[in-house]
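A.B. asks: kindly generate the corresponding structure for this input.
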Amino acid sequence: MAVEVEILRQIPYFSGLSQDELETVRQYVYEKSYERNELIVLEDAPAEALYFVVSGAVKAIKTSVEGKEQILRVLRPGDSLNDVPIFDGGPNPAGAVAMSPATLYGIAKADVDTILHEHPSVQINVIRVLAAAVRHYLSLVEDLSFRHVTGRVARLLLQYADGHRKTDQQPGPGPRLTQQDMAAMVGTAREVVGRSLKELEEEGAIKMDRHRIVIVNRALLEDMSGVSS
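C.D. replies: Numbering: from 1, shown residues only. Below you'll find the predicted structure:
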């Protein structure tokens with residue numbers, strides 16, 4: 001499948017580029033497809049390319065020596081992957097795995113350098129993307145350091161109800177998170193997530209409907225998460 005200019009236009013890295021500029025950028029872009037649970041990037045390996053999610057969902061992960069997984073971020077269409085090692089020359093600081101069948105666009109490291117020199121406005125876009133990533137990781141540190149597990153779970157439910165579930169490129173629900181996924185995102189065990197969900201249900205903030213979680217009292221859920229409305 002050919003790389004599409006209209007998809008490139010929706011990627012924050014290339015925001016504001018003209019049609020001709022996007023056509024030039026497209027020459028450096030290639031497409032790759034992955035199956036669910038397929039490894040995309042190996043943690044600590046040399047960085048070969050910058051990636052952008054086109055469809056599906058990808059999780060960026062850190063894995064402990066004991067094999068415990070921490071999900072740093074769930075990447076959806078338009079999100080970039082592997083930015084840091086492409087720019088600082090170090091190894092991949094995190095791994096990446098497809099959470100669903102996924103299509104990615106890739107640009108080789110040398111070609112990223114060429115694009116930055118040919119299109120200076122992309123440099124400003126990169127700064128904005130990396131600044132947004134810093135904010136995300138500061139928020140993650142805040143969650144893990146200062147919120148109890150039930151609060152973290154409540155905040156996660158709010159986040160996925162408020163825009164993490166769909167994009168202009170891929171309307172509809174995002175990846176279905178298992179309790180194991182949720183545990184890896186909030187830094188705890190699956191059993192603890194299960195108890196937190198039960199507590200939220202008993203308080204009347206959510207309802208467990210088979211394999212779905214329904215928010216029934218948003219204000220209460222916000223209060224339990226520590227998020228200001």
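A.B. asks: check the gap between the closest residue in space to Val214 that isn't next to it in sequence and Glu191 for me.
C.D. replies: In this structure, Val214 finds its nearest non-sequential neighbour in Lys207, 4.5 Å apart by Cβ to Cβ, 6 or more residues apart in numbering. Glycine gets a C-beta too; all of them are placed from N, C-alpha and C. Lys207 is 21 Å from Glu191, where distance means Cβ to Cβ, to the nearest Å.
A.B. asks: tell me the domain ranges of the protein?
C.D. replies: Domain ranges of the chain: 5-143, 147-225, per automatic domain parsing.
A.B. asks: the more surrounded of Lys207 and Glu191?
C.D. replies: A direct count of neighbours by other Cβ atoms under 10 Å for Lys207 and Glu191 places Lys207 higher, at 13 against 10.
A.B. asks: can you put the domains of the chain in CSV and add mean pLDDT?
C.D. replies: Listed next are those as CSV, based on pLDDT from 0 to 100:
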stretch, mean pLDDT
domain 5-143, 95
domain 147-225, 83
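A.B. asks: list the helices and strands the longest helix belonging to the chain packs on?
C.D. replies: What stands out as the longest helix in the chain, according to DSSP state H, is helix 120-146. Helices and strands touching helix 120-146, by 3 or more Cβ pairs under 8 Å, 6 or more residues apart in numbering; DSSP states H and E, are strand 69-75, helix 83-88, helix 109-118, helix 149-161.
A.B. asks: the same query, at a cut-off of 10 Å, please.
C.D. replies: Applying 3 or more Cβ pairs under 10 Å, 6 or more residues apart in numbering; DSSP states H and E, one finds that helix 120-146 contacts helix 19-26, strand 69-75, strand 80-81, helix 83-88, helix 109-118, helix 149-161, helix 179-186.
A.B. asks: quick one: that helix to chain centroid distance?
C.D. replies: Mean-position distance between helix 120-146 and its chain equals 12 Å (Cα atoms, centre = their mean, to the nearest Å).
A.B. asks: and the residue nearest to Val214, what element?
C.D. replies: Taking DSSP states H and E as the criterion, Lys207 maps to strand 206-209.
A.B. asks: ramachandran angles for the closest residue to Asp44 other than its chain neighbours?
C.D. replies: In space, and not counting its chain neighbours, Asp44 is closest to Pro91: 4.9 Å by Cβ to Cβ, 6+ apart. Backbone torsions for Pro91, taken as degrees, to the nearest 10, come to phi -70, psi 170.
A.B. asks: Pro91: neighbour count?
C.D. replies: Around Pro91 there are 13 residues (other Cβ under 10 Å).
A.B. asks: does it have beta-bridge partners, and which?
C.D. replies: Counting by DSSP bridges, Pro91 is bridged to Pro46.
A.B. asks: and it, what does it touch?
C.D. replies: Shown in contact with Pro91 (Cβ atoms under 10 Å, 6 or more residues apart in numbering): Leu42, Glu43, Asp44, Ala45, Pro46, Ala47, Val84, Pro85.
A.B. asks: check those residues and tell me the two furthest apart.
C.D. replies: Farthest-apart pair in those is Leu42 and Val84; separation 14.7 Å (Cβ to Cβ).
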